[in-house]
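Enquirer: Have a look at this prediction, sequence included:
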Amino acid sequence: MWKLNLGLFLLRLCPSAMLIIGHGWPKMMQFSVLQNQFPDPIGLGSTLSLVLTIIVEVFCPLLIILGLGTRINAVIVFLLLIIAGFVVHAHDPWNTKELALIFSIPFFDISNHIAAASL
């Protein structure tokens with residue numbers, strides 16, 4: 001049973017940590033540079049889109065790692081990644097949108113399966 005729990009924890013930990021370290025944290029550190037040029041895929045304005053993206057790429061994954069509101073946070077992250085892949089990068093080559101779509105898979109799994117169970 002501990003191997004299953006460890007596997008489910010790693011399913012929450014690894015993609016969440018990679019999203020924070022590789023995407024959310026750099027956006028947060030470059031906020032002042034990005035705030036006026038960040039993509040606005042759903043018409044909220046660049047700054048608000050950036051703030052929401054940072055929340056979803058930093059704070060939602062932290063909560064997923066901790067096992068707090070895991071399923072709802074995974075759904076939120078999944079939706080952000082789908083929007084990034086199909087809307088923000090709609091006209092980009094496949095290798096650009098591929099990362100967001102690949103990242104969406106573990107969050108889809110977490111939101112729909114037993115991986116959402118807290119340890």
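Expert: Structure received.
Enquirer: Assign a three-state SS to Leu13, would you?
Expert: Three-state call for Leu13 (DSSP: H, G, I helix; E, B strand; the rest coil): helix.
Enquirer: and the spatially most central residue of the chain, what does it touch?
Expert: What sits nearest the mean C-alpha location of the chain, by C-alpha atoms, centre = their mean, is Val77, with 3.9 Å. Contact analysis of Val77 by C-beta atoms under 8 Å, 6 or more residues apart in numbering lists Leu19, Val56, Glu57, Cys60, Pro61, Ile64, Phe107. Placement of C-beta: from N, CA and C, glycine included.
Enquirer: any idea how far Phe107 is from it?
Expert: For Val77, the distance to Phe107 equals 5 Å [C-beta to C-beta, to the nearest Å].
Enquirer: okay, and the common contacts of those two?
Expert: Common neighbours of Val77 and Phe107 (C-beta under 8 Å, 6+ apart) are Ile64.
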